[in-house]
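A.B. asks: model the following, please.
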Amino acid sequence: MADLLQIGDVTDAMKARLSAAFSIHRLEDFDPDKITHVITNGHDGIDPELMASLSNLQLISSNGVGYDAINTAEAARRGINVTHTPNVLNAEVATTAILLMLACYREVLRDDAYVRSGKWEQHGNAALTRSADNQTVGILGLGRIGQEIAHKLAPWNAKVLYHARTKKDVPYAYYDNLTAMALDCDVLICITPGGPLTQKIVNKEVIEALGPNGTLINVSRGSVVDEAAMIEALQSGALGWAGLDVFEAEPNVPQTLRDLPNTVLLPHVGSATVETRTAMGALTVDNLLQHLKDGTVISAVPECAHL
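C.D. replies: Purely as a prediction, here's the structure:
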């Protein structure tokens, strides 16, 4: 049997399928010369030194669409294929983005606390909130998930703008300058890949352009937003609201951010439903089993598509 190194957790269903085809090893007990396949996830990825020590590595199968924790350039140089799980989570992450937007606009957490505290009985109706209808929504990154977000915004009659590396054949206004787009937005939704090219792309200038009535939603990677600048803007009122599923040093979230009333914070659960995570796990295993069978994969990352 081929030798598989498991990084992070897998479900029982995944393990059952893998055990039939691989000898599974954990980080505490493996022979680097024997490992031909690795299963990991978007958060853990694989340490560069560990990858360098695996002289016979052929495939890294990552359970997640994001893969910035894997050095794909080095993997491609060595002829190591890397796969991820696109498409199966598009709709769920898009739903999370919309959920965060609506929760910010309609002050869902504030009003839930108002009822639970007894203030409704004591003080009467809660303060008014904002309508999420007819808003201008800018999407940073119009890939598969970004386009699904745009599609799901239709019931709220949103005007959709987007910023991406290249202009796409879509019925939305394209901006080649992110700050300019932020100036024209009520909401900025971040769904661009993480990594060096997008590190803190949503900087102080972009945040201030979004403004005191603006709402920032991040369902991509914490590294995409300058977290310190965002916190400062939320505290001062230079930015109105933020709905966040990802953080710069997650799971560590700054206390200053947790204390802010104009935020909705989720523990990186954009795709975390039973149905979607089951589909992601199945695709992760499918990539490994197909590669073991004939050397091909189903969903290679773009950097390794030529292998």
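A.B. asks: tell me how far R258 lies from Y105.
C.D. replies: Remark: distance between R258 and Y105 (CB to CB, to the nearest Å) = 21 Å. C-beta here means a position set from N, CA and C on the backbone, and glycine is covered the same way.
A.B. asks: more neighbours: those two, which one.
C.D. replies: Counted by other CB atoms under 10 Å, R258 and Y105 do not tie: Y105 has more neighbours, with 21 against 9.
A.B. asks: check what pLDDT that one gets.
C.D. replies: On pLDDT, Y105 comes in at 98.
A.B. asks: who touches the closest residue to A233 other than its chain neighbours in this structure?
C.D. replies: Closest residue in space to A233, ignoring its immediate chain neighbours: L239 at 3.7 Å, by CB to CB, 6 or more residues apart in numbering. The neighbourhood of L239, defined by CB atoms under 8 Å, 6 or more residues apart in numbering, consists of 207-208, 210-212, 214, 216, 230, 233.
A.B. asks: got it, and P48?
C.D. replies: 71, 74.
A.B. asks: how about it, phi and psi?
C.D. replies: The phi and psi values for P48, taken as degrees, to the nearest 10, are phi -60, psi -40.
A.B. asks: quick check: the gap between the residue nearest to A233 and Y67.
C.D. replies: For L239, the distance to Y67 - CB to CB - is 30 Å.
A.B. asks: packing partners of the helix or strand harbouring S62?
C.D. replies: If you go by DSSP states H and E, S62 is part of strand 59-63. On a contact count with 3 or more CB pairs under 8 Å, 6 or more residues apart in numbering; DSSP states H and E, strand 59-63 meets strand 35-41, strand 81-83, helix 274-294.
A.B. asks: relative to strand 35-41, how tilted is that strand?
C.D. replies: 20 degrees (axes from the mean of the first three to the mean of the last three CA atoms, to 10 degrees).
A.B. asks: strand 59-63 pairs with which strands, parallel or anti?
C.D. replies: Using DSSP bridges, strand 59-63 pairs in its sheet with strand 35-41 (parallel), strand 81-83 (parallel).
A.B. asks: any idea how far the last one is from the chain center?
C.D. replies: Centroid separation between strand 81-83 and its chain, computed with CA atoms, centre = their mean, to the nearest Å, is 19 Å.
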